[in-house]
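>>> give me a model of this one.
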Amino acid sequence: MTMDPIGVHPPARYPRTAAQWERVAAVLNHRLFYVFMVLVTVAGYLTSSFSKYGQKLFGIPLPH
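This next block holds a predicted model:
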């Protein structure tokens, strides 16, 4: 297995026995995880922005 220039391994190949719908579901699931990670971060920031306590990162106050 070779590495690309930034040091990230390429994804593993799908087994030949995997159906097309399984490959599509895997790719969709992978992309949705990234979307949800961003949405959870944004939702947490917005929630803390409207809190009376404000937001802090390791005890350091963040701007509103």
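
>>> what about stretch 51-62, start to end distance?
End-to-end distance of stretch 51-62 (Cα to Cα, to the nearest Å): 13 Å.

>>> whoops, stretch 53-61 was the one
Terminal-residue distance, stretch 53-61 (Cα to Cα): 10 Å.

>>> got it, and stretch 44-56?
With Cα to Cα as the measure, stretch 44-56 spans 12 Å from end to end.

>>> one more: stretch 40-59?
First-to-last distance for stretch 40-59 - Cα to Cα - comes to 21 Å.

>>> same question for stretch 14-23.
So stretch 14-23: terminal residues 7 Å apart, Cα to Cα.

>>> please compute how far that stretch lies from its chain's middle.
Distance, stretch centre to chain centre, for stretch 14-23: 23 Å (Cα atoms, centre = their mean, to the nearest Å).

>>> same check, this time on stretch 9-22
Relative to the mean C-alpha coordinate of its chain, stretch 9-22 is positioned 21 Å out (Cα atoms, centre = their mean).

>>> pLDDT below threshold where in this protein?
Scanning the chain for pLDDT under 70 picks out 1-7, 64.

>>> what are the boundaries of the helices in it?
For the chain, applying DSSP state H gives helices covering 20-49.

>>> and the residue nearest the centre of it?
Using Cα atoms, centre = their mean, the residue of the chain that lies closest to the mean C-alpha position is Tyr34, 2.8 Å off.

>>> what sits against that residue?
Counting by Cβ atoms under 8 Å, 6 or more residues apart in numbering, Tyr34 touches no other residue. All C-beta spots, glycine's among them, are computed from the backbone N, C-alpha and C.

>>> do Leu46 as well
Contacts of Leu46 by Cβ under 8 Å, 6+ apart: none found.

>>> quick thing: my sequence starts at 57, can you match it?
Taking 57 as the first residue, the last one we looked at is Leu102.
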